[in-house]
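>>> With the input below, show me the fold.
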Amino acid sequence: MGCWITSIEIAGETGGLGDLETGGLGEGENARTEQSFVVPFAEIKANGWDLSINRYKEVEHREVAYDSPTSILKDIRQLDAERAEALKKLEELLKCKPVNITIPIFRYDSRRCRTTYNFATLS
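Model (predicted):
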């Protein structure tokens with residue numbers, strides 16, 4: 001996923017945006033690790049007008065702690081047991097006594113021009 005610059009304000013020569021020539025953080029400005037931040041005009045000019053976000057943004061790498069694999073497997077087994085119990089309860093709710101249904105089956109005999117029917121039982 002890339003970052004795109006949607007608007008650029010060049011300060012320093014036009015003024016009005018605080019101490020941008022020196023790169024100092026004024027009121028309301030963010031550090032370069034934030035989602036949005038201000039880059040001094042002189043720095044952009046020194047970089048040959050390169051506006052690539054990766055040239056100016058500072059990336060913080062944070063250490064991520066994960067549970068041990070045995071702990072994760074234990075949690076999976078517990079969740080699997082809960083799922084099996086819920087499935088068992090659902091199957092009990094869906095159990096019903098078999099019902100026999102008798103329905104007529106009609107058949108048309110085109111050679112004799114008559115209709116016959118029989119009964120079928122479904123269970």
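>>> quick one: pLDDT of the residue nearest to Phe37 when sequence neighbours are not counted?
Excluding the flanking residues, the one nearest Phe37 by Cβ to Cβ, 6 or more residues apart in numbering is Asn30, at 4.6 Å. In this view, the C-beta of every residue, glycine as well, is placed from N, C-alpha and C. Note on Asn30: pLDDT of 83.
>>> Enumerate every residue touching Asn30.
Ser36, Phe37, Val38 (Cβ atoms under 8 Å, 6 or more residues apart in numbering).
>>> Out of these, who's the most crowded?
Val38 (20 neighbours; other Cβ atoms under 10 Å).
>>> In a helix, it, correct?
No - under DSSP: H, G, I helix; E, B strand; the rest coil, Val38 falls outside any helix and is assigned coil.
>>> That one and Ala31 touch, don't they?
No - here Val38 does not reach Ala31: they are 10.1 Å apart, not a contact under Cβ atoms under 8 Å.
>>> gap between the residue nearest to Phe37 and Asp50?
Separation of Asn30 from Asp50 (Cβ to Cβ, to the nearest Å): 21 Å.
>>> Leu94 now?
For Leu94, the distance to Asp50 equals 65 Å [Cβ to Cβ].
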